[in-house]
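Participant: Please find the sequence and the predicted model below.
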Amino acid sequence: MAASGTLQARAFASNAQLPLPGVAIRITERTPEGSMKLLALRITDESGMIGPIVIEAPERAGSQAPGTGQPFTQVDLSAECPGYEQILVEGIQIFAGVRAIQELAMIPYPQYPEYYNLTEVFPISPQAL
């Protein structure tokens with residue numbers, strides 16, 4: 001895999017959609033053995049953004065014919081910020097030469113105390129290409 005794509009994330013307070021600085025973002029990839037490989041650990045800036053983070057992806061040419069395998073790399077992204085619900089996005093698809101942007105609507109704890117110490121999980125199914 002010599003090609004790559006990029007991933008950016010934008011965290012914001014869910015109700016007002018105000019940028020949320022200081023969110024810890026962890027990007028991981030599952031290895032063929034089933035373990036997790038840490039690709040990046042970043043903190044959002046004053047605009048609530050991280051990235052772009054370069055991630056290896058299969059060459060585009062490999063996706064031009066059926067049966068040549070998955071034309072993207074799948075990564076997981078977790079987001080944590082004190083006072084906000086944790087988020088886990090599973091299966092973000094990274095294509096060669098493409099910038100993926102993941103939006104993260106962070107829910108403040110004071111509004112929903114039943115979410116204390118919970119993680120909201122958003123699984124993304126692979127595209128049927």
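Facilitator: Looks like it came in fine.

Participant: what sits opposite the residue most central in space within the chain in the beta ladder?
Facilitator: Geometric centre of the chain, nearest residue: residue 77, 3.5 Å, by Cα atoms, centre = their mean. With DSSP bridges as the criterion, the beta-bridge partners of residue 77 are residue 27, residue 89.

Participant: quick one: it and residue 18, what's the gap?
Facilitator: When Cβ to Cβ, to the nearest Å is the yardstick, residue 77 and residue 18 sit 20 Å from each other. Heads up, the C-betas are built off the backbone N, CA and C, glycines and all.

Participant: coming back round to it: and the pLDDT at the residue nearest to the centre of the chain?
Facilitator: Confidence per residue is given as pLDDT, and for residue 77 that number is 97.

Participant: who's in contact with it?
Facilitator: 7, 9, 25, 26, 27, 28, 87, 88, 89, 92, 102 (Cβ atoms under 8 Å, 6 or more residues apart in numbering).

Participant: Am I right that the last one is in contact with residue 6?
Facilitator: No. With contacts counted by Cβ atoms under 8 Å, residue 102 stays clear of residue 6, the gap being 11.4 Å.

Participant: more neighbours, these two?
Facilitator: Set side by side, residue 102 and residue 6 show more neighbours around residue 102, with 21 against 16, by other Cβ atoms under 10 Å.

Participant: Name the nearest residue to the more buried one, sequence neighbours excluded.
Facilitator: residue 9 (4.6 Å; Cβ to Cβ, 6 or more residues apart in numbering).

Participant: Is the one you found bridged to anything, and to what?
Facilitator: Counting by DSSP bridges, residue 9 forms beta bridges with residue 50, residue 102.

Participant: do you know how far the closest residue to residue 98 other than its chain neighbours is from residue 50?
Facilitator: Closest residue to residue 98 in three dimensions, ignoring its sequence neighbours and counting by Cβ to Cβ, 6+ apart: residue 5, at 4.9 Å. Residue 5 is 15 Å from residue 50, where distance means Cβ to Cβ.
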